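>>> I would like the atomic coordinates for the input below:
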Amino acid sequence: MSEIITPSIYSFKDYKKYLQKWIESHPMKGRGISSAIAKSLRTQTSFISQVLSGDLNFSSEQALDLALFLKLNEAETEYLLVMVSYARAGSANLRARLKKQVETLKELGMKERVANYAKHELSPEDQYVYYSAWYYAVIHIAVTLPGLSNSKAIAHRLGLSESLVKKVLEFLLAKDLVRKNKDGTYVNGNMHLHLQWDSPLQARHHSNFRMLAMNSVVKGSLLEDLHFSSVVSLANEDYQSIRDVISKMIKEALQKIAASEPAEELVCFNLDFLRIGKDD
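Next up, the predicted model:
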């Protein structure tokens, strides 16, 4: 049986839309789940339906019980409570204040979601070097392959000059990103780097590997390579749903990559899914 992919609460500003999608993500469109929620909230199933399809709202106490039912963590629970308070607010001033809280907590939650499993962070000065060109990160990972443990082999594999590869390896060695054996061969050091989501180097970091992908297309992609680009139109709720599916896929892929042995291939992993011309 495939794992259920439930939506992230941070993909929504309206708790009713979130709950509707959460229910629909279950088998048979969530048949029977509304009854289970009603039992957990000590109310009637008809009331749950009226909340989801009408102007009624949960109380703060019911929202807290709902968070327990949904197994939300502390931050997600706080976000749900604020969304419910915002929906219940009667005055324009209160709604304006709570709207800001919703937007702030949503942004914080999204930032937390993109904080990956990285353990090591370079200094700002070293980041400017590491993210200046694609080959720093690629050489950093290349030494995990058995046949790429020296500058000559790496240079041949990547089509770079050996002098450039030696320069990069010296930098990586100094920052403990690679380590050197007594026989002069290189092995991996700190593997998982973290670059803050709002770093000015984010654009350079992403463009480095988009250039690699484009070079692959221009030279003629291999049959097993995967390149896909398309512009589509869809409902906002479906955008959120697809984004959650992709986020789960990325997490699972990274887990599989981390456990993949032996290391045999160098792979560029790029993925984009974004709104065009909309700042929501």
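>>> does residue 175 touch residue 126 like I think?
Yes. Taking Cβ atoms under 8 Å as the definition, residue 175 is a contact partner of residue 126 at 5.8 Å. Any C-beta I mention is one placed from the backbone N, CA and C, and that applies to glycine too.
>>> who's more crowded, the two?
Taking neighbours as other Cβ atoms under 10 Å, residue 175 and residue 126 compare with residue 175 leading, 18 against 14.
>>> separation between the more buried one and residue 122?
Distance of residue 175 to residue 122, computed by Cβ to Cβ, to the nearest Å: 6 Å.
>>> joint contacts of the two?
Contact with both residue 175 and residue 122 is made by residues residue 130, according to Cβ atoms under 8 Å, 6 or more residues apart in numbering.
>>> buried stuff in the one helix or strand residue 109 maps to?
Per DSSP states H and E: residue 109 is located in helix 92-114. Neighbour-count burial for helix 92-114, counted by 16 or more other Cβ atoms under 10 Å, picks out 95, 98, 101, 102, 105, 106, 109.
>>> wait, which of these is closest to residue 250?
Taking Cβ to Cβ as the measure, residue 250 lies nearest residue 109 of the buried residues of helix 92-114, at 16.9 Å.
>>> once you drop chain neighbours, what's closest to that closest one?
residue 10 (3.7 Å; Cβ to Cβ, 6 or more residues apart in numbering).
>>> wait, what's in contact with that neighbour?
If you count contacts by Cβ under 8 Å, 6+ apart, residue 10 has them with 76, 79, 106, 109, 110, 113.
>>> same thing but 6 Å
Shown in contact with residue 10 (Cβ atoms under 6 Å, 6 or more residues apart in numbering): 106, 109, 110.
>>> for residue 50, same thing?
Contact analysis of residue 50 by Cβ under 6 Å, 6+ apart lists residue 56.
>>> for it, which three-state class applies?
With DSSP: H, G, I helix; E, B strand; the rest coil as the basis, residue 50 sits in helix.
>>> could you measure from it over to residue 172?
61 Å.
>>> tell me where the stretch 51-200 of the chain has strands.
Secondary structure of the stretch 51-200 of the chain (DSSP state E, counting those that start in this stretch): strands located at 178-180, 186-188.
>>> helix or strand right after the last one?
Okay, so that is strand 186-188. Heading C-terminal from strand 186-188 (DSSP H and E), you reach helix 202-219.
>>> just the pLDDT for residue 279.
If you check residue 279, the pLDDT there is 54.
>>> next one: residue 170
pLDDT, read off for residue 170, is 96.
>>> list the contacts for it?
Going by Cβ under 6 Å, 6+ apart, residue 170 touches no other residue.
>>> again with the one 10 residues further on
Residue 180 is in contact with 173, 186, counting by Cβ under 6 Å, 6+ apart.
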